[in-house]
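**Q** let me see the structure of the following:
(2 chains)
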Amino acid sequence: MSATAVHLARRLAWRLGLCLAATLTAYLLASLSFDPLAELRGHQPRPPQAVIDARAHRLGLDTPLPARFLDWLAGVPRGDFGETVGGQRVADELWRRCGTSVRLFLAGSLLAMAAGVVVGVWNALRSGRVSDGVSLVGSLVLLSVPVFVLGTVLKMAWLPVNEAAGTQLLYFSAETTPGADLTGWAAVGDRLRHLALPTLAVALPQAAFYSRYQRAAMLDVLGSDFLRAARAKGLRRGTAVVRHGVRMALIPMVTLFSFTFGLHLTGGVFTERIFGWNGMGDWLLTGIHEQDATVVATVTLFIAVLVVLAGWLGDALLAVLDPRIRRAAS
Amino acid sequence: MTTARSAPASPPVSVPASVPASVPARLVRSPLALCGAVLLLFLAGAAVVGPWLWPYDHVTQDPGAALLPPSADHWLGTARLGEDVLAQCLRGLQKSLVIGLLVAGLSTLLATLVGLTAGYAGGGVDRSLMWGVDMLLVLPSFLVVAVLSPALRERSWLWMVLVIALFQWMLTARVVRARAVGLRRREFVTAARFMGAPAGWILRRHLVPHLVPLLVIDCTLHVGAAILGEAGLSYFGFGIQPPDVSLGTLLAVGSGSALTYPWVFLAPVGFLVVTVTAVGLLGEALRRVLDGEDGHGG
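**A** Presented below is the predicted three-dimensional model:
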């Protein structure tokens, strides 16, 4: 096995450990602070103690907490994520919801990375000009709008367009039009018209965030010796900047992408609620509301796995982009 | 583990070793800093003095005047139960600013302590602290605060400040650690160590002063992040509880009627966005001045 592969494998093991620790913490915290029986106890008239005890037994509340966690964890590799407080299988809900979240978040994030890099590089090349100032203020304002507000503001902005068109050009909620039995391209179009606004809500703040960092990274590179060397070699400025500059400026960005992935994921939680997408974030809020530790732990595991995968992809990309890492690993 | 390589990219700025004397002067000349400071001072002034001058307060209800659009009587209109929206926003702004400042101070302090300890001590201490930092980064902080919120509901809002601060320091701590590792190898630190200076003294006298620019910038940005964080929690019902208001609770109430009575929603949005943007402008100005990017530095 090559040195790079060993390095990547070791990073993966480290990250999986983090995943497990995060899930354990979420499970313990939720179990300790939640009281899933409160709702039952609050019923009028109060149900007999035997009913409450039976529910407690079904939820495993009569076994010690560590045993409960290990029991839950043992099921995870088999695809068994336990039961919700209401008695449904968590796994069924999980697969349906995680697709929704991944589609929304992936589309938004990819758009944001591309836009952030382009805007950042462009601003660095034109630093000090009016366009640079305008994008600075624009990105600061975008970053100051909470994600959950951005969704509503986008709806408010789009409403007149829909009204002017006299038809729903873009939809405000859900993933597909309920009841509409579409196939082929019509179905794809329908999905896209539902996807557009929430994707923008996910992408805009992220793009603003990335563009600030990309601008700084690019400015750093523009003043560097190797770029001057490339110019001295006779490369035209544009060629030198694109071929040597952008590549170097992308290195810190890769780490940033993978590290802030988890932070931006929280924004996705809000977006799902605003646009009525029944994804993982929406489920997390429901889980907290219903005092359901199993759901909270499952959502945490999902988020942790995504964060870990993103981090690991970042490691791999870095190893490709930055030869210093390969050397350090061997 | 090779934590140094997995450190999150701080903005790739090279903060100079110490703060040059000309920084305040350059800050005054920076239009960004000026805009940010004027906006912030104005907002803070309004939040503190406004409630005294404005004839309405945030709890008074006037059912006869519910959901009126902005007018000379109610500059920003009235809400569902006839509360004056401007009075509510001023009160909410007050709360949000206090929360932002407290959280920023606390989390910067925490980040400095953990980052310096890890970076200076190195070895096992460093590894275990950074492992904890990484774990907290994987665990979504919103989740933890939301899960804890039922337990916090009956307690003072200061508990929420503590909890938000506890989940906002990790990225800064990593940057501080990386910088501390670099400083540790510098000659003046080595010299102090060989002279037998105690670790606490070296940290205070030699390391902290070098970190001041970074910490000031981060502390500024934490204010904005904390205000947004609190707003998010309150929006989903996990933060400030009624009858008290924050900008987040106002947004939560207003968003339901955003398409029909936009002022109830847009007023708190405006206050929130202008506040956080002003903080951001100040942070960016500080970064540019300390980074010498404003055209005056080296």
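**Q** just for the stretch 51-200 of chain B, where's the confidence low?
**A** Judged against pLDDT under 70, the stretch 51-200 of chain B has no low-scoring part.
**Q** how does it look with 90?
**A** Applying pLDDT under 90 to the stretch 51-200 of chain B flags residues B:51-89, B:91-92, B:119-124, B:127, B:130-172, B:174-200.
**Q** same question, the stretch 151-300 of chain A
**A** Along the stretch 151-300 of chain A, the model assigns pLDDT under 90 to residues A:151-197, A:205-206, A:209, A:212-294, A:296-297, A:299-300.
**Q** cutoff 80 now
**A** A:166-184, A:223-227, A:231, A:235, A:237-244, A:255, A:258-270 (pLDDT under 80).
**Q** helices of the stretch 51-200 of chain B, start to end?
**A** Using DSSP state H, counting those that start in this stretch, the helices of the stretch 51-200 of chain B run over B:85-121, B:123-138, B:141-152, B:157-166, B:170-184, B:187-194, B:199-202.
**Q** want to try a markdown table for those, with mean neighbour count and distance to residue B:291 as columns?
**A** Yep, even glycine has a C-beta here, placed from its N, CA and C like the rest. A markdown table is the format used below for the helices of the stretch 51-200 of chain B (neighbours: other CB atoms under 10 Å in any protein chain shown; distance: least, CB to CB, whole Å):
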| stretch | mean neighbour count | distance to residue B:291 |
| --- | --- | --- |
| helix B:85-121 | 23 | 19 |
| helix B:123-138 | 17 | 25 |
| helix B:141-152 | 21 | 28 |
| helix B:157-166 | 20 | 27 |
| helix B:170-184 | 22 | 14 |
| helix B:187-194 | 12 | 23 |
| helix B:199-202 | 13 | 26 |
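**Q** turn those helices into CSV, including distance to chain A.
**A** Shown next, in CSV, are the helices of the stretch 51-200 of chain B (distance: least, CB to the nearest CB, whole Å):
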stretch, distance to chain A
helix B:85-121, 11
helix B:123-138, 4
helix B:141-152, 5
helix B:157-166, 11
helix B:170-184, 8
helix B:187-194, 24
helix B:199-202, 28
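**Q** switch those over to JSON lines; also include distance to residue B:242.
**A** Listed next are the helices of the stretch 51-200 of chain B as JSON lines, based on distance: least, CB to CB, whole Å:
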{"stretch": "helix B:85-121", "distance to residue B:242": "11"}
{"stretch": "helix B:123-138", "distance to residue B:242": "31"}
{"stretch": "helix B:141-152", "distance to residue B:242": "14"}
{"stretch": "helix B:157-166", "distance to residue B:242": "12"}
{"stretch": "helix B:170-184", "distance to residue B:242": "32"}
{"stretch": "helix B:187-194", "distance to residue B:242": "53"}
{"stretch": "helix B:199-202", "distance to residue B:242": "46"}
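**Q** the strand or helix carrying residue A:306 packs against which elements?
**A** Using DSSP states H and E, residue A:306 falls within helix A:293-321. Under the contact criterion of 3 or more CB pairs under 8 Å, 6 or more residues apart in numbering or on different chains; DSSP states H and E, helix A:293-321 touches helix A:3-33, helix A:90-125, helix A:246-274, helix A:280-289, helix A:323-329, helix B:3-6, helix B:123-138, helix B:141-152.
**Q** got the buried residues for the third one?
**A** So the one you mean is helix A:246-274. A:246, A:248-274 (16 or more other CB atoms under 10 Å in any protein chain shown).
**Q** packing partners of it?
**A** helix A:90-125, helix A:147-165, helix A:184-222, helix A:280-289, helix A:293-321, helix B:123-138, helix B:141-152.
**Q** and the fifth one, what's buried?
**A** Put plainly, it is helix A:293-321. Result for helix A:293-321 [16+ other CB under 10 Å]: buried residues A:293-308, A:310-312, A:314-319.
**Q** for the stretch 151-298 of chain B, which residues are neighbours of chain A?
**A** Contact residues, the stretch 151-298 of chain B versus chain A (CB under 8 Å from any CB of the partner chain): B:151, B:171, B:224, B:228, B:231-232, B:235-236, B:248, B:251, B:255, B:258-259, B:262, B:265, B:269, B:272-277, B:280-281, B:284, B:293, B:295.
**Q** show me which of the residues you listed are buried.
**A** Among these, those scoring as buried are B:171, B:224, B:228, B:231-232, B:235-236, B:248, B:251, B:255, B:258, B:262, B:265, B:269, B:272-277, B:280-281, B:284, B:293 (criterion: 16+ other CB under 10 Å).
**Q** now intersect these with the helices, please.
**A** Using DSSP state H, the members of those that fall within helices are B:171, B:224, B:228, B:231-232, B:235, B:248, B:251, B:255, B:262, B:265, B:269, B:272-277, B:280-281, B:284.
**Q** re earlier: how about the helices and strands packed on helix A:246-274, which one is nearest residue A:59?
**A** Nearest to residue A:59 among the helices and strands packed on helix A:246-274 is helix A:293-321 (8.3 Å), distances taken as CB to CB.
**Q** and residue B:211, what element?
**A** Counting by DSSP H and E, the element that carries residue B:211 is helix B:208-235.
**Q** residue contacts, the residue in chain A positioned nearest to chain B?
**A** Closest residue of chain A to chain B, CB to the nearest CB: residue A:144 (3.5 Å). Residues in contact with residue A:144 (CB atoms under 8 Å, 6 or more residues apart in numbering or on different chains) are B:224, B:228, B:272-277, B:280.
**Q** can you redo these as JSON lines with distance to residue A:114 and pLDDT?
**A** Listed next are the contacts of residue A:144 as JSON lines, based on distance: CB to CB, whole Å; pLDDT from 0 to 100:
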{"residue": "B:224", "distance to residue A:114": "26", "pLDDT": "88"}
{"residue": "B:228", "distance to residue A:114": "25", "pLDDT": "88"}
{"residue": "B:272", "distance to residue A:114": "28", "pLDDT": "92"}
{"residue": "B:273", "distance to residue A:114": "25", "pLDDT": "92"}
{"residue": "B:274", "distance to residue A:114": "30", "pLDDT": "92"}
{"residue": "B:275", "distance to residue A:114": "30", "pLDDT": "92"}
{"residue": "B:276", "distance to residue A:114": "25", "pLDDT": "92"}
{"residue": "B:277", "distance to residue A:114": "25", "pLDDT": "91"}
{"residue": "B:280", "distance to residue A:114": "23", "pLDDT": "88"}
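**Q** ok, of those residues, which one's closest to residue A:90?
**A** residue B:228 (31.1 Å).
**Q** list the contacts of that closest one.
**A** A:144, A:146, B:272, B:276.
**Q** output those in TSV, with distance to residue A:122 appended to each entry.
**A** Below are the contacts of residue B:228 laid out as TSV (distance: CB to CB, whole Å):
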residue	distance to residue A:122
A:144	22
A:146	27
B:272	29
B:276	25
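**Q** now do the buried residues in stretch A:269-289.
**A** A:269-275, A:277-288.
**Q** can you check stretch A:85-101 too?
**A** Neighbour-count burial for stretch A:85-101, counted by 16+ other CB under 10 Å, picks out A:85, A:90-91, A:93-94, A:97-98, A:100-101.
**Q** other residues contacting stretch A:193-201?
**A** Residues outside stretch A:193-201 that contact it (CB under 8 Å, 6+ apart) are A:103-104, A:107-108, A:111, A:147, A:150-151, A:154-155, A:158, A:168-177, A:271-272, A:274-275, A:277.
**Q** only whichever of these are buried, select them in PyMOL.
**A** Applying 16+ other CB under 10 Å to those leaves a buried subset, and the PyMOL line that selects it is:
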select buried, chain A and resi 103+104+107+108+111+147+150+151+154+155+158+170+171+172+175+271+272+274+275+277
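**Q** what residues does the stretch 51-200 of chain A put near chain B?
**A** A:128, A:136-137, A:140-141, A:143-149, A:152-153, A:155-156, A:159.
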